[in-house]
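S.K.: From the sequence below, what's the structure:
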Amino acid sequence: MLSICIPIYQHEVYNLIKELNKQCGLASIPYEIICIDDNSDHLFKKKNSKIEELEKVSYIELQQNIGRSKIRNLFIEKATFNSLLFLDCDCSIPGKDFIKRYCKNIDNNITYGGRKHFKNKPSDNAIILRWKYGREREDLSYNERLKSPFLSFRSNNFMVKKEVLSIVAFDESITKYGHEDTLFALQLKKENFNITHIENCVIHEGLENNVEFINKTKVAVENLNELIKIKKLKPNEVKLFKTYQVLEKTKLTFIMSMFTSFFLRVCFKKLQLKNPKIFWLDVFKLFYLIKVRENV
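M.R.: Coordinates of the predicted model:
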């Protein structure tokens, strides 16, 4: 009935797998849990190898890293059942009915459950930025997600039919971090597949430190620019690029390009504060896109 698919990279997953195993048992459904490690460090492989001892769990280690898109497509050939539930490895399950809620939606082509972050502010200031971004931009309620069902989709927690993935798979040409979810969701829209949203979130626990998150943001902007350039995404489909186009039409991007280094430095410092404003991350992304586009 349900193949639970968990791509692993640099994270310990034993507690997550144990909880999923428990909930599947209580739901009394045919199931399997497939874990594929995308060439994590030896320490994580050693810690995660014990999940093979759990019932109905298969654990596969890849000898080289293949990336976020390709590893998700790999589950299609590994899965026994027609319904695949994809979960990120750095999440936890907050409710006891998580699996049962997905089982109630088993007939849907694709179902997204949502994401949350802990309400309490982390004690470690080094991860405050990622936490604040999650709370302010990613923790969308069911009703908020319904306003934009495709653009609010994330691949961290969703169930999909195998035949849907045979038509709309993750684009394996995307090897860098960023916007693979956007492209996947918009491809679903083009193929007339509806995304059903439900209230069945997971908790995102794998928070990068501030510098790592800023660097990943830069890669995501570069990836967005490349996807626009090769016409896999349209400029009007992404808010950041729409803003850039408005400025470009008024010739402001040329003027702003003269100050990119200055503003990127200012934003970087602002984002290192104990209580950073996400506004400065938006400014950072805009100036970094101008830097990429204008080659400055």
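S.K.: tally of neighbours for V168?
M.R.: Other residues near V168 number 20, with proximity taken as other C-beta atoms under 10 Å. For every residue, glycine as well, the C-beta is placed using N, CA and C.
S.K.: Pretty sure it sits against K189.
M.R.: No. Contact status for V168 versus K189: not in contact, 9.5 Å apart, counting by C-beta atoms under 8 Å.
S.K.: Tell me the confidence at the residue lying closest to I93 once chain neighbours are set aside?
M.R.: For I93, the nearest residue in space outside its immediate sequence neighbours is E19; the separation is 5.1 Å by C-beta to C-beta, 6 or more residues apart in numbering. Model confidence at E19, given as pLDDT, is 97.
S.K.: Surely E19 touches P94?
M.R.: No. In terms of C-beta under 8 Å, E19 does not count as a neighbour of P94; the distance is 10.0 Å.
S.K.: Next up, the contacts around L62.
M.R.: The neighbourhood of L62, defined by C-beta atoms under 8 Å, 6 or more residues apart in numbering, consists of 36-39, 71.
S.K.: Mind pulling the model confidence for it?
M.R.: pLDDT for L62: 95.
S.K.: In stretch 215-228, which residues are buried?
M.R.: 217-218, 220-228 (16 or more other C-beta atoms under 10 Å).
S.K.: hang on, C5 packs against L87?
M.R.: Yes. Under the contact definition of C-beta under 8 Å, C5 touches L87, with a separation of 7.4 Å.
S.K.: Mind jotting down where the helices sit in the stretch 151-296 of the chain?
M.R.: If DSSP state H, counting those that start in this stretch is used as the criterion, the helices of the stretch 151-296 of the chain fall at 162-167, 180-190, 210-229, 239-249, 252-257, 260-270, 278-294.
S.K.: For stretch 116-133, give me every contacting residue.
M.R.: Counting by C-beta under 8 Å, 6+ apart, stretch 116-133 makes contact with 94, 134-135, 138-139, 201-205, 207-210, 213-214, 271, 274-276, 278, 281, all of which sit outside it.
S.K.: Take those residues and keep only those in strands.
M.R.: In this view, the contacts of stretch 116-133 that belong to strands under DSSP state E are 202-204.
S.K.: wait, T196 sits on N108?
M.R.: Yes. If you go by C-beta under 8 Å, T196 and N108 touch, sitting 4.5 Å apart.
S.K.: higher neighbour count, those two?
M.R.: The residue with the greater number of neighbours, taking T196 and N108 and applying other C-beta under 10 Å, is N108; the counts read 19 against 15.
S.K.: buried ones in stretch 70-79?
M.R.: Along stretch 70-79, these residues count as buried under the neighbour rule (16+ other C-beta under 10 Å): 70-72, 74-76, 79.
S.K.: Now tabulate those in TSV and tack on pLDDT, distance to L62 and secondary structure.
M.R.: Rendered in TSV, the data for those read as follows (pLDDT from 0 to 100; distance: C-beta to C-beta, whole Å; DSSP: H, G, I helix; E, B strand; the rest coil):
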residue	pLDDT	distance to L62	secondary structure
K70	92	10	helix
I71	94	8	helix
R72	94	13	helix
L74	95	8	helix
F75	96	12	helix
I76	93	15	helix
A79	96	16	coil
